[in-house]
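> generate coordinates for the sequence data below:
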Amino acid sequence: MNRTRSALPVLILTAVVLTGIQAPACARSGGTPSAGDEKSDPDAAQIRALIDKYRQSIDRADTALGAQIWSTTADVTFIHPRGHERGWEQVRTNFYEKTMGALLSERTLTVHDMCVHVYGDTAWSEFYWDFVAKLKANGQTLTTHGRETQVYRKSGDGWRIVHVHYSGMPMTGQGQGF
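Numbering: from 1, shown residues only. Below is the predicted model of the structure:
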């Protein structure tokens, strides 16, 4: 594994934070930008389309579609409430097949309040989601809400996901969120 290449998105994002480069601000309602006109950027539009394919891949538990949107290299990572996957093979097996496919009979992921930030060949998105699914074991409906950050790398194959981190909604009650 080439550590320099795999660390590149993190290094660029760190440089962005440390140098104070401003990302385009995004509105909280409807996912439309309030500054920087992110929708006119063709790279941001490609990433928005990639997020829609990601949503479809989750809805279908479709590893073939997942392989079209994720970098299929060993340096990708996915942090989610059920685990921490390292490399496309773990994402495919542990998240798509064992979690989405084996545990759930129906899945509907809805994405909203999306914002995309592009810096050369590196980008990230942030969005909120609602997820409704049925457990295979007993048919019980499961509804969750959360937020997600995705990091992308652009290569000869176009934009691909190299990292996802998602979590539930903020907890701000007394004694929560620590």
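> what's next to stretch 147-155, contact-wise?
Here stretch 147-155 makes contact (CB atoms under 8 Å, 6 or more residues apart in numbering) with 8-10, 13, 43, 47, 50-51, 54, 71, 120-129, 159-169. Yep, even glycine has a C-beta here, placed from its N, CA and C like the rest.
> which of those are buried?
Neighbour-count burial (16 or more other CB atoms under 10 Å) applied to these gives 8-9, 13, 43, 47, 50-51, 54, 71, 122-129, 159-164, 166.
> of those, which belong to strands?
Using DSSP state E, the subset of those located in strands is 122-129, 159-164, 166.
> show me which of these is closest to residue 112.
Ranked by distance to residue 112 (CB to CB), those are led by residue 128 at 5.5 Å.
> bridged to the closest one, which residues?
As for beta bridges, residue 128 partners with residue 112, residue 147 under DSSP bridges.
> how far away is it from residue 40?
Distance from residue 128 to residue 40, counting by CB to CB, to the nearest Å: 23 Å.
> that older thread, for the ones in strands among the buried ones among the contacts of stretch 147-155, which one is nearest residue 103?
Taking those together and measuring to residue 103 by CB to CB, the closest member is residue 166, at 16.6 Å.
> for the nearest residue to that closest one once chain neighbours are set aside, the count of nearby residues, please.
Counting by CB to CB, 6 or more residues apart in numbering, residue 166 lies nearest to residue 148, which is 3.9 Å off, once chain neighbours are set aside. Residues contacting residue 148 under the criterion other CB atoms under 10 Å number 19.
> and what of the one 4 residues further on?
The number of residues packed near residue 152 is 28, by other CB under 10 Å.
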